[in-house]
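Enquirer: please find the sequence and the predicted model below.
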Protein chains: 2
Amino acid sequence: MTRTVFEKADVIPLVAEVFRELGYEGASMSKITARTRLSKGSLYHFFPGGKEEMASEILAHIENWFIRNIYEPLERDDPLKAIHNMWREVDAYFRSGQRICLVGAFALDETRDRFASGIRQYFRRWIDALCAALVRAGASTDAAAVISEETVGGIQGGLILSRALHDETLFERTLAGLAERVTKCVREDAGR
Amino acid sequence: MTRTVFEKADVIPLVAEVFRELGYEGASMSKITARTRLSKGSLYHFFPGGKEEMASEILAHIENWFIRNIYEPLERDDPLKAIHNMWREVDAYFRSGQRICLVGAFALDETRDRFASGIRQYFRRWIDALCAALVRAGASTDAAAVISEETVGGIQGGLILSRALHDETLFERTLAGLAERVTKCVREDAGR
DNA sequence: TTTATACTGTACTAAACAGTATAGAAGGAG
DNA sequence: CTCCTTCTATACTGTTTAGTACAGTATAAA
């Protein structure tokens, strides 16, 4: 009999995809074992704390991805380039709206209260990093604060709408619209 | 012993609130009975089809509310007044972001597939009604289509963000920002 | 006052649930 | 080879789940 051997680093994205598709409550252990092809033994070996530990590690894994690929570039690199990189990475990460934001989904029901600090931090840091990049690019502090909040919110709304309407083009349209407004905001303020 | 007698019209909003707090999968029959104080017998009397029938009737109830209070005014009344009315009603309905959009939440996981047509219709009609009102108010067809999509998406994003950040002021700020952009869009196009 | 209807409460079943225990397989170290 | 560690598979626990059955209660009409 063939035995597939996993490492924790391989398991987390696999389980994450199940949570993404079914939500925290919808993802029962049996659904997770069925969809990942991992046995209960393996899952409890990697996550002795069960579902709660899985979700907690997944959230940390997601946050690390965003820190490395989005937040740190925004904080460190040339702001306009980093923002351009953000649109590209976000579109790829959410597969043009075919893949949801697990953190956003968790925020909508009582799951939020279990992982409150992780969820809060994910959005807080995203908004703050974008805001700081906009200020460095020449936007006013006030305008940057407003538009960075609208941008992160707009992305979440775009994900909901594109799924609800089964419209694969909607998310990319949303990103393009947000990108245009961000660019305009920087141009206007920098031109003063 | 006192016996509280309900009608279906009273039961739907009660059960809806439980779905809103816990999501479709999280709302088990025992949680529903505990939070609504309705017995299993009563619930299955009103909804012989169980959870699926409950959610289906709740979605219909929500859509009716939006038709009466938002979509029809947008389609029928003075467009600027109807749009102004929309901001007020939406803020009240979602309790300034303290209450989520059940339809949006359903759209994020596999629950979407169970209620696909209801979910699609809710957003489709909202966007279309707003778009038509904007055109009647003097906006160009293209600009109206873009901004009405951004508005409905922006509302959903604002709900996620205000919950995620535990920021009660964020949703109202989002609505105010959207209202400003909508007003500007109408003014610019009508002035041509 | 009888009788039908509408609603409630509870006891029940079978399936699904989270989690545990444990035996065993693979692979490397000695 | 043996031994140890890491990972997998499955059988098992008690609990919770959705849903059914049915007896019981209030109300209104006849």
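Expert: Looks like it came in fine. Numbering: from 1, shown residues only, chains lettered A, B, ... in the order given.

Enquirer: select the longest helix from chain A.
Expert: Selection of the longest helix in chain A by residue count, based on DSSP state H, yields helix A:141-164.

Enquirer: pull out the buried residues from stretch A:57-68.
Expert: Buried positions in stretch A:57-68, judged by neighbour count with 16 or more other CB atoms under 10 Å in any protein chain shown: A:57-59, A:62-63, A:66-67. C-beta here means a position set from N, CA and C on the backbone, and glycine is covered the same way.

Enquirer: what of stretch A:48-58?
Expert: By neighbour count, and taking 16+ other CB under 10 Å as the criterion, the buried residues in stretch A:48-58 are A:51, A:54-55, A:57-58.

Enquirer: ok, now stretch A:106-119?
Expert: Along stretch A:106-119, these residues count as buried under the neighbour rule (16+ other CB under 10 Å): A:106-109, A:111-112, A:115, A:118-119.

Enquirer: please identify which of those is nearest to residue B:89.
Expert: Taking CB to CB as the measure, residue B:89 sits nearest to residue A:108 out of those, at 20.9 Å.

Enquirer: correct me if wrong: residue A:89 contacts residue A:70.
Expert: Yes: here residue A:89 lies in contact with residue A:70, judged by CB atoms under 8 Å, at a distance of 5.9 Å.

Enquirer: distance check, residue A:158 against DNA strand C.
Expert: Between residue A:158 and DNA strand C the distance is 30 Å, computed by CB to the nearest atom of the strand, to the nearest Å.

Enquirer: am I right that that residue is in contact with residue B:152?
Expert: No: in this structure, residue A:158 is not within contact of residue B:152 by CB under 8 Å, at 10.4 Å.

Enquirer: follow-up on the earlier one: ok, the longest helix of chain A near chain B or not?
Expert: Yes: Helix A:141-164 is in contact with chain B by CB under 8 Å from any CB of the partner chain, via A:146, A:149-150, A:152-161, A:163-164.

Enquirer: and those residues, which is closest to DNA strand C?
Expert: Nearest to DNA strand C, judged by CB to the nearest atom of the strand, of the residues of helix A:141-164 next to chain B is residue A:163 at 22.8 Å.

Enquirer: quick one: contacts for the residue nearest to the closest one when sequence neighbours are not counted?
Expert: Closest residue to residue A:163 in three dimensions, ignoring its sequence neighbours and counting by CB to CB, 6 or more residues apart in numbering or on different chains: residue B:107, at 4.8 Å. Residue B:107 sits next to A:160, A:163-164, B:119, B:123 when contact means CB atoms under 8 Å, 6 or more residues apart in numbering or on different chains.

Enquirer: let's see 6 Å
Expert: With contact set as CB atoms under 6 Å, 6 or more residues apart in numbering or on different chains, residue B:107 has these partners: A:160, A:163-164, B:119.

Enquirer: output the set of residues of chain A in proximity to DNA strand D.
Expert: A:3-8, A:38-42, A:45-46 (CB under 7 Å from any atom of the strand).

Enquirer: are any of these buried, and which?
Expert: A:38, A:42, A:46.

Enquirer: give me the subset of the buried residues of stretch A:106-119 lying in helices.
Expert: Using DSSP H to define helices, the subset of these located there is A:106-108, A:111-112, A:118-119.

Enquirer: save the buried ones among the residues of chain A next to DNA strand D as a markdown table, and put in pLDDT and distance to residue B:99 too.
Expert: Below are these laid out as a markdown table (pLDDT from 0 to 100; distance: CB to CB, whole Å):
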| residue | pLDDT | distance to residue B:99 |
| --- | --- | --- |
| A:38 | 96 | 38 |
| A:42 | 96 | 40 |
| A:46 | 97 | 37 |
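
Enquirer: out of those, flag the one nearest to DNA strand D.
Expert: Among those, residue A:42 lies closest to DNA strand D (CB to the nearest atom of the strand), at 3.2 Å.

Enquirer: what helices and strands are in contact with the helix or strand of chain A with the lowest mean pLDDT?
Expert: Counting by mean pLDDT, DSSP states H and E, the weakest-scoring helix or strand in chain A turns out to be helix A:170-190, with a mean of 94. Counting contacts by 3 or more CB pairs under 6 Å, 6 or more residues apart in numbering or on different chains; DSSP states H and E, helix A:170-190 packs against helix A:79-93, helix A:141-164.

Enquirer: having no further points to raise, I will conclude here.
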